[in-house]
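> what's the 3D shape of this:
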Amino acid sequence: MSLERLVSKYVSSVKHVFEHMEFVETPMTVDPAGVGKVVDYARDYLKDAEYYREKEKFETSLTSVAYCEGLLDALRLLGAVKFEWSEPRKDAK
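Below you'll find the predicted structure:
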């Protein structure tokens, strides 16, 4: 799989999460404003990934979308958001 296609796959997957993610209450103290800030950072990394993909800087794009996924996974592991990763139904890009 080409780097460009791999980046497109990751970007599509992250977009799916943002569309279907649910915020949940947790038994631990997690500041909702802090959670929102982390989600904003994740969205910014997604925008960066798309920008660098357009510029055909696929290594940078892949790094950006991987950071985005890491933040989303961290929030999910904390129980602050709920979502499932899924494969995109259409061809990426």
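> Could you find the closest non-adjacent residue to Lys15?
The shortest distance from Lys15 to any non-neighbouring residue, by CB to CB, 6 or more residues apart in numbering, is to Leu46 (7.1 Å). (Each C-beta comes from the backbone N, C-alpha and C, glycine too.)
> for this structure, what spans make up the helices?
3-20, 32-54, 58-78 (DSSP state H).
> Packing partners of the lowest-mean-pLDDT helix or strand in the chain?
Across the helices and strands of the chain, mean pLDDT, DSSP states H and E gives its lowest value to strand 22-23, namely a mean of 88. Applying 3 or more CB pairs under 8 Å, 6 or more residues apart in numbering; DSSP states H and E, we find strand 22-23 packed against strand 81-82.
> strands paired with the strand it packs on, and their directions?
With DSSP bridges as the test, strand 81-82 is paired with strand 22-23 (antiparallel).
> where are the low-confidence patches of this structure?
26-28, 87-93 (pLDDT under 70).
> what comes into contact with stretch 72-83?
14, 17, 20-24, 26-28, 30, 35, 38-39, 42 (CB atoms under 8 Å, 6 or more residues apart in numbering).
> again, only using 10 Å
Stretch 72-83 has contacts (CB atoms under 10 Å, 6 or more residues apart in numbering) with 13-14, 16-28, 30-32, 34-36, 38-39, 42-43, 45-46, 84-85.
> Appreciated, that's everything.
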